[in-house]
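> Any chance you can model this:
(chains A and B)
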2 protein chains.
Amino acid sequence: MIRISTFILLLLFVFSGHSYAQTRKMDWADLATPSLSAKSLRNLQWMGTSDFFTYNADGKTILKGSVKSAQPDTLLKLQQLNEAVKLLQITDLKLLPSYKWVDNDQFTFTHKGKAIKYSISKRTAQLLNSFSTDAANVDIEDSQYRVAFTRDNNLFVSIDGKEKAVTQDTDKGIVNGQSVHRNEFGIKGGIFWSPKGNLLAFYRMDERMVAEYPIVDITQRIAKVDAIRYPMAGETSHQVTLGVYNPTKGTTLFLKTAGPDDHYLTNICWDPSEKFIYIAELNRGQNQMKYNKYNAETGEFVKTLFEEASPQYVEPLNPALFLKTKPNQFIWQSQRDGYTHLYLYDTEGNLIKQLTKGNWVVTNVNGFDQTERKLFYTSTAVSPIQRHLYVLDMKSGTTTCLTQLHGTHAAQISTNGRFILDMLSSTDIAKRYDLIDATSGKLIRTLQEDINPWKNIQRGEITVGTLKSKDGSDLYYRLTKPADFDPTKKYPVIFYVYGGPHSQLVTDTWMGGGNAWFQLLAAKGYVVFTLDNHGTSDRGFAFESIIHRNLGTIEVDDQMVGVNYLKSLPFVDADRMAVDGWSYGGFMTLSLMLKQPGVFKVATAGGPVIDWKYYEVMYGERYMDTPQENPEGYKNANLLNYAQNLKGRMLIIHGTSDNTVVWQNSLLFLKKCVEKGVQVDYYVYPGHEHNVVGPDRIHLYKKLFQYYEDHL
Amino acid sequence: MIRISTFILLLLFVFSGHSYAQTRKMDWADLATPSLSAKSLRNLQWMGTSDFFTYNADGKTILKGSVKSAQPDTLLKLQQLNEAVKLLQITDLKLLPSYKWVDNDQFTFTHKGKAIKYSISKRTAQLLNSFSTDAANVDIEDSQYRVAFTRDNNLFVSIDGKEKAVTQDTDKGIVNGQSVHRNEFGIKGGIFWSPKGNLLAFYRMDERMVAEYPIVDITQRIAKVDAIRYPMAGETSHQVTLGVYNPTKGTTLFLKTAGPDDHYLTNICWDPSEKFIYIAELNRGQNQMKYNKYNAETGEFVKTLFEEASPQYVEPLNPALFLKTKPNQFIWQSQRDGYTHLYLYDTEGNLIKQLTKGNWVVTNVNGFDQTERKLFYTSTAVSPIQRHLYVLDMKSGTTTCLTQLHGTHAAQISTNGRFILDMLSSTDIAKRYDLIDATSGKLIRTLQEDINPWKNIQRGEITVGTLKSKDGSDLYYRLTKPADFDPTKKYPVIFYVYGGPHSQLVTDTWMGGGNAWFQLLAAKGYVVFTLDNHGTSDRGFAFESIIHRNLGTIEVDDQMVGVNYLKSLPFVDADRMAVDGWSYGGFMTLSLMLKQPGVFKVATAGGPVIDWKYYEVMYGERYMDTPQENPEGYKNANLLNYAQNLKGRMLIIHGTSDNTVVWQNSLLFLKKCVEKGVQVDYYVYPGHEHNVVGPDRIHLYKKLFQYYEDHL
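Sure thing, here's the model as predicted:
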């Protein structure tokens, strides 16, 4: 997947039907300060199995809230914790660590190679385990507090403070215990402790057969190559297997997964008994998935529980969720009926029932109550751009919506299933925390609310709406007017685009900090516009997968609907529109400039995919198949074939260490432009990867802004 | 040395006191056509020892000219040659090959692995030798027509059509028979046949200890590193030795050169007896040279003939020239007295006499007459920007200038020393060929003259003049006015700069084809200005070497003299000046922008050295010593330390495969700009090395032009 990262994730904007008449306009300095962020309740979580919850008042105090009382108590001060950990030779805790409640009295946390349990009542800290401070990918299981971690390309465990190597591969081309398949299929890591911590499953990735792509580090005295293994679409991919380590015996076996070696082993999941492991296995073509069960003690294949197939692709993103009360049952998430829904299975592979259904998608499974009669989940049933919490009665099948206010809800359910801590962000409310009754959905109390952290700054008015695509689908857009809008004037437009899978830019949320950039543009007199085209997420499989094998086609058509809408607006200067995008959005920006020449006067594109054959196997082949299988589709999407169409000014930007969309993409485009006598502008961010993050991001914004000022 | 190459060499402009009122203005299409080049006599040369000379009338006819007759004869037609070579299985000669007269009847040439001698009288072609068609660096000696060549990193000979390997190194880090020391010290190759072809000396370069610099080839399916061995200033350098191969015995010995392994073995020269080899050996510090004699049969060191030393550097550029009549005497070129002059030595190392002397430099030794009583040479005695031919009576020491017209003369002396073929280029005359009496200097006949190939195009008026530097030296400048100059108007300026050693931009020559670019700028309404600062060539050692250890200091001061002159001119818009330069000129451009901020509104710089520690050992340490020896000088020259001073707009350009000024330079500068919040513009030419050559050069010109139009 192309990382959406900062550039995309921070784009979600506030809707306000009116523009606040505020004291001042936004300016550059506002981008660099966090003052525009909404106030948060940090580390808010339910406390064990109780009806209490905790959060950090500041970096030095944990407060305890109660369902019954509006007034929180001070539960722990950093000073108290520090006194306790002194005995463990820890003297450098300057702020409260991230912690996790074990029960109603104790929480665990780690600090510099030490896993620690602290008791509120006893005021004592207990050393659970220790591990090397150079450990990476540290994973601690909750039963015996065994630690697994990686160092370079090998996997290690620490049990009762004793370190032991699980793997001892000397070839750097073999990587153990780390993420595989480039984090596609929801993969986030390569370490999987069994439920009680008795066994350790782990990914082993052999990428010796994958071509090396050279990333050059210019900060060395003499520039040096840091090669990455980057399997490009249609080329040889890596080979992944799943090991199971038994710490007691000190033995490792590998599951006897069948099929071609370049298949995908995804959504690794232990059976509650620790006897079996489930893997969602996909063929390299990604159009067939088998949900396979293996014996963890012998490595033998047990059976295929079920299969899923699609002419486009199958993309499992979540491992099974096992029921505690019925350990032979689990919930499976699938978009097999066209929308992501929940299915209840047993471990023999029998479908017990489809739990949810409708022309909307489940976006999160929030969990069960203790009895597992109630299942809480989040969905788009109200609107594709909203997220609401639902409770499903597992027996009756009745569903109740538990959140009322429009917007995007993120809920934590108390263990007993009686109460909800709900965090809301909407176009009206920057951030609000509610305590809600989980049975009735009734608001018990608002814990904190920050309606508008932009009080002192004049913002551009934002409108969220829909337009009709060719096929009649709704396309959601967001339009921001200049901060000091005058309806008799005409304004230039910044048309911000992403448009790739797994993204949704137009949502009912308050803006994040990074969106301040768009408000800055509004303050400088630009209209800012964004639209989610076919191919983007949470609109169902048909809406998303229609782009299969033909990237850059219907997406461009949809964006042109937005263009035509803008042209119809009296305050838009249609001769002065700039398109901007990064990554897939860079691909879209170039596609719009080159396939619809003359529409935009100016373009700015970062880290663009130019020809999908230079993109990686997992994401690339899902949407495009291989170049061998889909020559026509690759040709039509290949922007090298359109370079000569360029009209207007275009600035392409790339991070020189980009390991997602490799630099070769934009360099080849420049080469083609030179060959064709086409003038294009370019800039690079030395040492930056796929996104320009950190303080240098301001430099990027100024670069873009200067380009608009120069040429729009 | 930073290659001056196209960008510099083609910069030499025409002076014209008046602007021609021509039919049309120059435009872009004129850059791409060669119609603006002056007419040449191709392959003009003396014919053996006779008073005849030949040249190609076109690609298919050789004409024979005579001292006595104004009318040339047709000597040979391609068709005749083709009939003769048919017997050698050659049927694909479409144009006359390059040929070389052996005597008054026969010439030699090579074609696809065949060395051939053709006889005019007999109309026959004789196969002298043959060699593999994949041979590189082919070197054929004139006595026995033995061929030496390289394939990959090894050296081979072909004798009587039989190929034999001289070296068989399997490690790519060892290179035989090729240029070493990065072509510094006048080095052009690595193969040195002895005068009679009995022995073969060759360079062996061991660069296994030199760090590899990664050049990335993006045209591969998956980008691939083509590493080069690039020894940077202060870092480990390569080790060169000199092998001597005896083809009869099939043996190779290596000369027993002493001293640190990273010294320089330069100006390899055989003794006429074939018994000895002379090497100008320099220490790595390049401040001491020993002229050493070795026994070619044993490899033993014989003696040091003489030494040269300097607090700045010693830079021998020409091997000894041995007298044929006195084979124990040779001419040595040295700037030991402050100017490049000729010295007569014997092979015991005794200085017989200094042949030339004065505050000017010898730029070429044209050769002797047969008796070796007369020595012909070219010098700057008339003016630093002119080149005239002189004859020296070896006995009496009297010198006579043989060329009258001002400008730049390039002469070929007939073997008997009686006649001269002189090619002249000057600010008044594009190209002219004269036949001159070598005794009197009297013009016998003008063979061809092309005064002005720009007849139909309106040119900007050019002035060449001098300004005074701080120390009172003359600084030569060239100023080109806009093509349709109106003295009541004010014009923007393109200030073109190079300024590095071994360069002279302001000379009394007609423009070459590449200079059309500057006339195009003049046609578009720009004043174009160029000045040669201290450090540039042919002005004597003091003028050149004053930059030692402090690059970018006095050069900037000198260029500011030019700036102030421009500001004094009523037709110059001093608020609209752009500085432009490549390579050392890129370094100068940035130095001017950053050390004199505010002077130039716009800058364009290509392939700039940013910090001399990223430049290579040979050139870099000559002028800067090592970073360890001269930390202050490196710091003062390092443009990373001035990035925050940037005022105005600056476009930096780099070839992504630059193996002279490596890409790391400009990328590090960009990184620094990002860190400092400085906005700078950038462009790269994918796959191009240190200069953008070929058809893509027009793209570069348009890129520069667009930048001036956008921002100046």
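
> Tell me which strands the longest strand seen in chain A pairs with, and in which orientation.
With DSSP state E applied, the strand covering the greatest number of residues in chain A is identified as strand A:572-582. When pairing is defined by DSSP bridges, strand A:572-582 lines up against strand A:491-496 (parallel), strand A:602-606 (parallel).

> In TSV: those, plus mean neighbour count and distance to B:Y496.
To be clear about C-beta, it is placed using only N, CA and C from the backbone, and glycine gets the same treatment. Output for the strands paired with strand A:572-582, formatted as TSV (neighbours: other C-beta atoms under 10 Å in any protein chain shown; distance: least, C-beta to C-beta, whole Å):
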stretch	mean neighbour count	distance to B:Y496
strand A:491-496	23	36
strand A:602-606	28	30
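
> need those in JSON lines with mean pLDDT, can you?
As requested, the strands paired with strand A:572-582 are arranged in JSON lines below (pLDDT from 0 to 100):
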{"stretch": "strand A:491-496", "mean pLDDT": "98"}
{"stretch": "strand A:602-606", "mean pLDDT": "98"}
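
> Next, format these as JSON lines and append distance to A:S383.
Output for these, formatted as JSON lines (distance: least, C-beta to C-beta, whole Å):
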{"stretch": "strand A:491-496", "distance to A:S383": "22"}
{"stretch": "strand A:602-606", "distance to A:S383": "31"}
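
> So what's the gap between the longest strand of chain A and the chain middle?
Chain-centre distance of strand A:572-582: 28 Å, with C-alpha atoms, centre = their mean, to the nearest Å.

> That one: which residues count as buried?
Of the residues in strand A:572-582, A:V572, A:D573, A:A574, A:R576, A:M577, A:A578, A:V579, A:D580, A:G581, A:W582 count as buried by neighbour count, 16 or more other C-beta atoms under 10 Å in any protein chain shown.

> Wait, A:H111 touches A:L93, no?
Yes: counting by C-beta atoms under 8 Å, A:H111 does reach A:L93; the two are 6.6 Å apart.

> Looking at these two, which is more packed in?
Set A:H111 next to A:L93 and count neighbours by other C-beta atoms under 10 Å in any protein chain shown: A:L93 wins out with 17 against 14.

> Please report how far that one lies from A:Y99.
With distances taken as C-beta to C-beta, to the nearest Å, A:L93 is found 11 Å from A:Y99.

> repeat for A:K671
From A:K671 across to A:Y99, the span is 53 Å (C-beta to C-beta).

> mind giving me the domain ranges of chain A?
Here the domain assignment for chain A is A:8-37+A:455-711, A:39-130, A:363-452, based on automatic domain parsing.

> Can you classify A:S35 by secondary structure?
helix (DSSP: H, G, I helix; E, B strand; the rest coil).

> list the contacts for it?
With contact set as C-beta atoms under 8 Å, 6 or more residues apart in numbering or on different chains, A:S35 has these partners: A:P453.

> How about A:F705?
Contacts here follow C-beta under 8 Å, 6+ apart; on that basis A:F705 touches A:L520, A:L521, A:K524.

> again, only using 10 Å
A:W28, A:I494, A:W517, A:L520, A:L521, A:K524, A:Y526, A:T604, B:Q679 (C-beta atoms under 10 Å, 6 or more residues apart in numbering or on different chains).

> What segments of the stretch 101-250 of chain A are strands?
Here the stretch 101-250 of chain A has its strands, by DSSP state E, counting those that start in this stretch, at A:106-111, A:114-119, A:124-130, A:136-140, A:147-151, A:154-159, A:162-165, A:174-176, A:191-193, A:200-206, A:212-217, A:224-229, A:239-246.

> May I see those strands organised as a markdown table, with distance to chain B and mean pLDDT added?
What follows is the strands of the stretch 101-250 of chain A, written out as a markdown table (distance: least, C-beta to the nearest C-beta, whole Å; pLDDT from 0 to 100):
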| stretch | distance to chain B | mean pLDDT |
| --- | --- | --- |
| strand A:106-111 | 32 | 97 |
| strand A:114-119 | 36 | 97 |
| strand A:124-130 | 39 | 97 |
| strand A:136-140 | 27 | 97 |
| strand A:147-151 | 27 | 98 |
| strand A:154-159 | 27 | 98 |
| strand A:162-165 | 33 | 97 |
| strand A:174-176 | 19 | 98 |
| strand A:191-193 | 30 | 98 |
| strand A:200-206 | 18 | 98 |
| strand A:212-217 | 5 | 98 |
| strand A:224-229 | 5 | 97 |
| strand A:239-246 | 18 | 98 |
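
> among those strands, which is nearest B:D508?
With C-beta to C-beta as the criterion, B:D508 lies closest to strand A:212-217 of the strands of the stretch 101-250 of chain A, at 45.2 Å.

> helices and strands around the closest one, which ones?
Counting contacts by 3 or more C-beta pairs under 10 Å, 6 or more residues apart in numbering or on different chains; DSSP states H and E, strand A:212-217 packs against strand A:224-229, strand B:212-217, strand B:224-229, helix B:664-676.

> quick one: buried residues of it?
Residues A:E212, A:Y213, A:P214, A:I215, A:V216 are the ones in strand A:212-217 that count as buried (16+ other C-beta under 10 Å).

> Walk me through which strands it pairs with, and which way each runs.
strand A:224-229 (antiparallel).

> Other residues contacting the strand it pairs with?
By C-beta under 10 Å, 6+ apart, the residues outside strand A:224-229 that reach it are A:172-173, A:175, A:205, A:207-218, A:220, A:237-238, A:657, A:659, A:662, B:211-214, B:216, B:225, B:227.

> Sticking with A:H388, tell me its helix or strand.
strand A:388-393 (DSSP states H and E).

> CA-only coordinates of that strand in CSV, if you can.
C-alpha atoms of strand A:388-393 as CSV (Å, rounded to 0.1, in the frame of the first residue of the first chain):
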residue,chain,number,x,y,z
HIS,A,388,-21.0,5.3,14.6
LEU,A,389,-20.9,2.7,17.3
TYR,A,390,-23.4,-0.2,17.3
VAL,A,391,-24.2,-3.0,19.6
LEU,A,392,-25.4,-6.3,18.2
ASP,A,393,-27.3,-8.8,20.4
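
> Just the buried positions in it, please.
Neighbour-count burial for strand A:388-393 flags A:H388, A:L389, A:Y390, A:V391, A:L392 (criterion: 16+ other C-beta under 10 Å).

> my guess is the second one contacts A:C401, does it?
Yep, that's A:L389 we're talking about. Yes: applying C-beta atoms under 10 Å, one finds A:L389 in contact with A:C401, separated by 7.3 Å.

> Give the residues shared as contacts by the two.
Both A:L389 and A:C401 are in contact with A:S379, A:H409, A:G441, where contact means C-beta under 10 Å, 6+ apart.

> which of these tops the neighbour count?
Of all the shared contacts of A:L389 and A:C401, the highest neighbour tally under other C-beta under 10 Å goes to A:H409, namely 27 neighbours.
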